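1. okay, sequence plus prediction incoming.
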Amino acid sequence: MFDSISTKFSSIMKNLSGKGKITEKNIRDAVEEIKISLLDADVNLRVVRRFINGTLEEALGEKVLLSVDPGQQFTKIVYDRMVALLGDGDASLLKLKGKDATTIILMMGLQGSGKTTTASKLAYKLTKEGRKVMLVAADLVRPAAVQQLCVLGEKVGVRVFTIPGEKNPVKVATEAVKTAKHELYDTVIVDTSGRMHLDDVLMKEIQDIASAIRPDETLFVADAMTGQNAVSIAQEFESKVGITGVILSKFDSDTRGGAALSLKSVVGKPIKFIGMGEKPEDLETFHPDRIASRILGMGDVVSLVEKAQQVYDQEEAERMAKKIQKNTFDLQDYLDQLENMNKMGSADKLLEMIPGAKGNISEEDLHLEELESEKAIIRSMTKFERANFRIIGPSRRKRIAKGSGTSVAEVNRLLKKFEKSKLLMKKLATNKKFQSDMLKYMGM
Ligand SMILES: Nc1nc2c(ncn2[C@@H]2O[C@H](COP(=O)(O)OP(=O)(O)O)[C@@H](O)[C@H]2O)c(=O)[nH]1
Ligand SMILES: [Mg+2]
């Protein structure tokens, strides 16, 4: 997502930041380029106009032209406007009642948009947060829909409410809510049917379910790949049923991102979550500021730190941050990282979040298939060698290769790569934003 727009934006920003003085023409040119990249990304025309006019007006003000670092000022304006375009603050949070009441969540959207998958991901997330969740199979249109939800529910360990043989989804939904209240479930997530296209039957069905169970959240699930189209569909659901939030599924796909950039602005409803894959854990809270910095090619340090947090305990993270800052990160730390990496998700997701990594390091550079042998190589080193990689000369390399069942060439490659990543870390350590994020994260 956002690959092409992000590449363009970061080059526009880089162009300006190199200049000590910028002229009105520089700004006009940059804004024009931004306009073209937004349109290329399939962003709604009205949204683009509003964004561009506002940016131009603010950027042409004296504050920018006369400032010490005009490029930086300009970047900040674009960033702030991008954040505002994508959402506002806490709006992305779900409105959940306390555990002594039952919160009802209704999922809606077109067929194939990701409702069923997302319902189970959400159930998984809320269960992990300590809630007692019930999933409800109220898609009675597609023959296999109930079965699909049952399978997913079982996978995430959440009860799925069904009424075998029942044809009326309103009945299923109301019975489910009744049962949930009776059995003290604090959250009910109702999966509903979609259609290939918007039609009156679909709308009527959703309206009937909504008025029967009066949901606290009506979440519109939109396939990020549908682009512009998602905007008009969302408007339709908003006017006929009412939306409290949007979930953009398939955010992991290679699309231009126009829908994500237009939805909030056009429909006026916050994007609450993004689907990042098909697995239960692939649902992330939507953070406008992080997405904006990703789009501007500024990297997503905060997300990275948070992802890492799920795997590391606080102490470990603190230790790593200090090591990176002091540049004492050694091969043993690298081995620890490698062992943690599988838990942190796929490499391209990771790369997207490391500031400066995008465009500089490719997934190929990471040589994923080599990681296993790298682990073996480091495990064949002595403690002293792991802490002092520079002392590993030819004879040690030969011994290590033999001990790990690899070749001297592979050992050489690892050591070279390690040296390279030390350089990158040195750069990270001098990156102010990275540092302040790390310190914030460590509660300092
Ligand atoms: N890559 C990816 N695939 C997804 C995501 N969400 C859903 N899918 C897939 O999209 C397809 C349709 O999803 P489904 O939940 O059945 O859609 P529904 O018809 O709206 O219930 C399935 O193959 C899902 O695995 C996502 O965030 N990323
Ligand atoms: Mg479904």
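-> The structure has been received and is ready for your questions. Ligands and ions are numbered 1, 2, ... in the order given.

2. what residues does the chain have near ligand 2?
-> Listed as neighbours of ligand 2 in the chain under the rule Cβ under 5 Å from the ion: 115, 116. Glycine gets a C-beta too; all of them are placed from N, C-alpha and C.

3. swap the cut-off to 8 Å and go again
-> Remark: the part of the chain in contact with ligand 2 comprises 111-112, 115-117, 119, 139, 142, 145, 148-149, 191-194, using Cβ under 8 Å from the ion.

4. nearest to ligand 2, of these?
-> Ligand 2 lies nearest to residue 116 out of these, by Cβ to the ion, at 3.2 Å.

5. quick check on that closest one: phi, psi?
-> The phi/psi pair for residue 116 (degrees, to the nearest 10) reads phi -70, psi -50.

6. returning to what we had before: ChimeraX command to pick out the buried ones of the residues of the chain next to ligand 2?
-> Listed next is the ChimeraX selection for buried residues among the residues of the chain next to ligand 2, using 16 or more other Cβ atoms under 10 Å:
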select :115,116,117,119,139,145,148,149,191,192,193,194
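
7. near ligand 1, which residues of the protein are found?
-> 109, 111-117, 194, 249-250, 252-253, 275-278, 282 (Cβ under 6 Å from any ligand atom).

8. mind redoing it with 8 Å?
-> When proximity is defined as Cβ under 8 Å from any ligand atom, the chain approaches ligand 1 at 107, 109-119, 121, 139, 142, 145, 148, 191, 194, 221, 223-224, 249-253, 274-278, 282-283.

9. can you give me the strands for this structure?
-> With DSSP state E, the ranges of strands along the chain come out as 103-108, 133-138, 159-161, 187-192, 217-223, 245-249, 271-275, 283-285.

10. give me the sheet partners of the longest one and which way each runs.
-> In the sheet containing strand 217-223, the strands it pairs with under DSSP bridges are strand 103-108 (parallel), strand 245-249 (parallel).

11. now render the strands of the chain as a markdown table, adding mean pLDDT.
-> Below are those laid out as a markdown table (pLDDT from 0 to 100):
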| stretch | mean pLDDT |
| --- | --- |
| strand 103-108 | 97 |
| strand 133-138 | 97 |
| strand 159-161 | 97 |
| strand 187-192 | 97 |
| strand 217-223 | 95 |
| strand 245-249 | 94 |
| strand 271-275 | 93 |
| strand 283-285 | 93 |
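
12. nearest to residue 57, of those strands?
-> Closest to residue 57 of the strands of the chain is strand 271-275 (Cβ to Cβ; 26.1 Å).

13. packing partners for that closest one?
-> helix 115-128, strand 245-249, helix 258-267, strand 283-285 (3 or more Cβ pairs under 8 Å, 6 or more residues apart in numbering; DSSP states H and E).

14. at 7 Å what do you get?
-> If contacts are counted by 3 or more Cβ pairs under 7 Å, 6 or more residues apart in numbering; DSSP states H and E, strand 271-275 sits against strand 245-249, helix 258-267, strand 283-285.

15. closest to residue 49 out of the strands of the chain?
-> Distance to residue 49, taken as Cβ to Cβ, is lowest for strand 271-275 among the strands of the chain, at 21.0 Å.

16. so residue 122 makes contact with residue 190?
-> No - if you go by Cβ atoms under 7 Å, residue 122 and residue 190 don't touch, sitting 11.2 Å apart.

17. what residues are up against whichever residue of the stretch 151-300 of the chain sits closest to ligand 1?
-> At 2.4 Å from ligand 1, residue 275 is the closest residue in the stretch 151-300 of the chain, using Cβ to the nearest ligand atom. Residues near residue 275 by Cβ atoms under 7 Å, 6 or more residues apart in numbering: 114, 118, 121, 247, 248, 249, 250, 251, 282, 283.

18. the closest residue to it other than its chain neighbours - how many residues pack around it?
-> Leaving out its chain neighbours, the residue that sits closest to residue 275 by Cβ to Cβ, 6 or more residues apart in numbering is residue 249, at 3.7 Å. Counted with other Cβ atoms under 10 Å, the neighbours of residue 249 add up to 28.

19. any idea what residue 249 is bridged to?
-> residue 223.

20. so it sits right up against residue 223, yeah?
-> Yes - between residue 249 and residue 223 there is a contact at 5.6 Å, judged by Cβ under 7 Å.

21. the residue of the stretch 151-300 of the chain closest to ligand 1 and residue 192, how far apart?
-> In this view, residue 275 and residue 192 are 17 Å apart by Cβ to Cβ, to the nearest Å.

22. same check, this time on residue 425
-> Applying Cβ to Cβ, the value for residue 425 to residue 192 is 49 Å.

23. what's the answer for residue 252, then?
-> 24 Å.

24. now do residue 158
-> Noted for residue 158: a distance of 17 Å to residue 192, by Cβ to Cβ.

25. check residue 149 too.
-> 11 Å.

26. picking that back up, now do the shared contacts for residue 249 and residue 223.
-> By Cβ under 7 Å, 6+ apart, residue 249 and residue 223 have these common neighbours: 113, 114.

27. wait, what's in contact with the residue in the stretch 201-350 of the chain positioned nearest to ligand 2?
-> Nearest to ligand 2 in the stretch 201-350 of the chain, going by Cβ to the ion, is residue 221, at a distance of 9.3 Å. Residues in contact with residue 221 (Cβ under 7 Å, 6+ apart) are 107, 109, 113, 114, 115, 118, 247, 249.

28. what does residue 131 give?
-> 99, 186, 187.

29. ditto for residue 60
-> Listed by Cβ under 7 Å, 6+ apart, the contact set of residue 60 reads 24, 27.

30. so what does it have for phi and psi?
-> phi -80, psi -10.

31. so how far is residue 115 from it?
-> 45 Å.

32. please give the number of neighbouring residues around residue 420.
-> 12.

33. brain fart, residue 200
-> 9.

34. understood, closing this out.
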